[in-house]
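> how does the following fold in three dimensions:
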Amino acid sequence: MATDTKPLSVLVFSKTSWYRHDSIEPAVAALKALAASSGLFTVTHTEDPDTCLTKETISSFDVVLFLQCTGDFLAPHHVDALQDHILRRRGGFVAVHGAAAGMLDNEIYATLVGALFDSHPPPEPGRVVVEEAARGHYILGGAEGRDNWMDEWYNFTTHPRDNSRLRVLMRGDPTSFAGGKMGDDHPLVWCQEFDGEHGGRSFFTALGHFDEAYSDDWFMGILLRAILWTGRAEGMLKEGSKIPASR
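Below is the predicted model:
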């Protein structure tokens, strides 16, 4: 793991075998720009799992970030390496939006993400609400929710609240958008810790379908703190610090 003075090594992985989001390229560029401007992490971007997602290679990274990975994009030994990295080596895992639509029949992957994609209604502006019990969480950094946030409002195959390991950070207000299937409580952003101090950490956000998210300071600030939190490097960004530009 990195220290509070050494930048985190982050793998940004964006392979797809189903729907491919147009926002992948802008998101990669934004993450590289944020890494350069903040000095808090470095980015290695690839779509070749054999160069980075084996038990021999994944240990080079403090945090693995799956960016919009959809479909059956990994072989079983890649999933095993990811599981080993997070559950046994205290690695960090960040999954963004379409990553919930990856490996839909793989129970290990479902455990690492927290809940998997079922469907979404047509995109429209809606309201993102901060979970009251999570207001002090490092990843939020004091951020409030957002009105008129344009996105795909994901429904999940299981209700995230049924997963006792998840700590919900933000949810959608289902009265502000149509087509929600999660009832009155619609979690969208969460994190989890595996085996306390002995396991790794993961974070998922269902937000981030459109290019504009990756030039938005609110959204990129959450991603930055999620990277630092999953990498156990919270001390690198002091409370109240301004998020460096990601563009």
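> C-alpha only now, for contacts and for neighbours.
Noted.
> how about the nearest residue to Ala213 once chain neighbours are set aside, secondary structure?
The shortest distance from Ala213 to any non-neighbouring residue, by CA to CA, 6 or more residues apart in numbering, is to Phe219 (6.2 Å). Assigned with DSSP: H, G, I helix; E, B strand; the rest coil, Phe219 falls in the helix class.
> list the contacts for Ser176?
Going by CA atoms under 8 Å, 6 or more residues apart in numbering, Ser176 touches Pro125, Gly126, Arg127.
> how about stretch 115-124 as PDB, C-alpha atoms only?
C-alpha atoms of stretch 115-124 as PDB (Å, rounded to 0.1, in the frame of the first residue of the first chain):
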ATOM      1  CA  ALA A 115     -24.900  -5.100  -6.500                       C
ATOM      2  CA  LEU A 116     -25.200  -5.700 -10.200                       C
ATOM      3  CA  PHE A 117     -27.100  -3.900 -13.000                       C
ATOM      4  CA  ASP A 118     -30.600  -4.900 -13.900                       C
ATOM      5  CA  SER A 119     -32.000  -2.100 -16.100                       C
ATOM      6  CA  HIS A 120     -32.300   1.700 -16.400                       C
ATOM      7  CA  PRO A 121     -35.000   4.000 -17.700                       C
ATOM      8  CA  PRO A 122     -34.300   6.600 -20.400                       C
ATOM      9  CA  PRO A 123     -31.700   9.200 -19.000                       C
ATOM     10  CA  GLU A 124     -33.200  12.300 -17.500                       C
END
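> so where's this protein uncertain?
1-5, 196, 238-247 (pLDDT under 70).
> at 90 instead, please
1-5, 87-89, 195-199, 237-247 (pLDDT under 90).
> the helices in it, which residues?
24-38, 76-87, 107-113, 217-230 (DSSP state H).
> can you tell me which of the ones you listed is most buried?
Mean neighbour count (mean count of other CA atoms under 10 Å) peaks for helix 217-230 among these, with a mean of 22.
> now the angle between helix 24-38 and that helix, please.
Counting by axes from the mean of the first three to the mean of the last three CA atoms, to 10 degrees, helix 217-230 lies at 70 degrees to helix 24-38.
> can I get the helices of the chain in JSON lines including distance to Val12?
Formatted as JSON lines, those follow (distance: least, CA to CA, whole Å):
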{"stretch": "helix 24-38", "distance to Val12": "8"}
{"stretch": "helix 76-87", "distance to Val12": "13"}
{"stretch": "helix 107-113", "distance to Val12": "16"}
{"stretch": "helix 217-230", "distance to Val12": "11"}
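> of all those helices, which one comes closest to Ile139?
Ile139 lies closest to helix 217-230 among the helices of the chain, at 4.8 Å (CA to CA).
> and the gap between Ser59 and Glu25?
In this view, Ser59 and Glu25 are 25 Å apart by CA to CA, to the nearest Å.
> re earlier: quick one: which of the contacts of Ser176 is nearest Ala213?
Lowest distance from Ala213 to those (CA to CA) belongs to Pro125, with 12.7 Å.
> quick check, the closest one in contact with Asp151.
Yes. Using CA atoms under 8 Å, Pro125 is in contact with Asp151, at 6.5 Å.
> look at those two and report which has more neighbours.
Asp151 (23 against 15; other CA atoms under 10 Å).
> from Ile108, how far off is that one?
27 Å.
> repeat for Glu47
20 Å.
> then Lys55?
With CA to CA as the criterion, Lys55 and Ile108 are 16 Å apart.
> likewise for Gly71?
15 Å.
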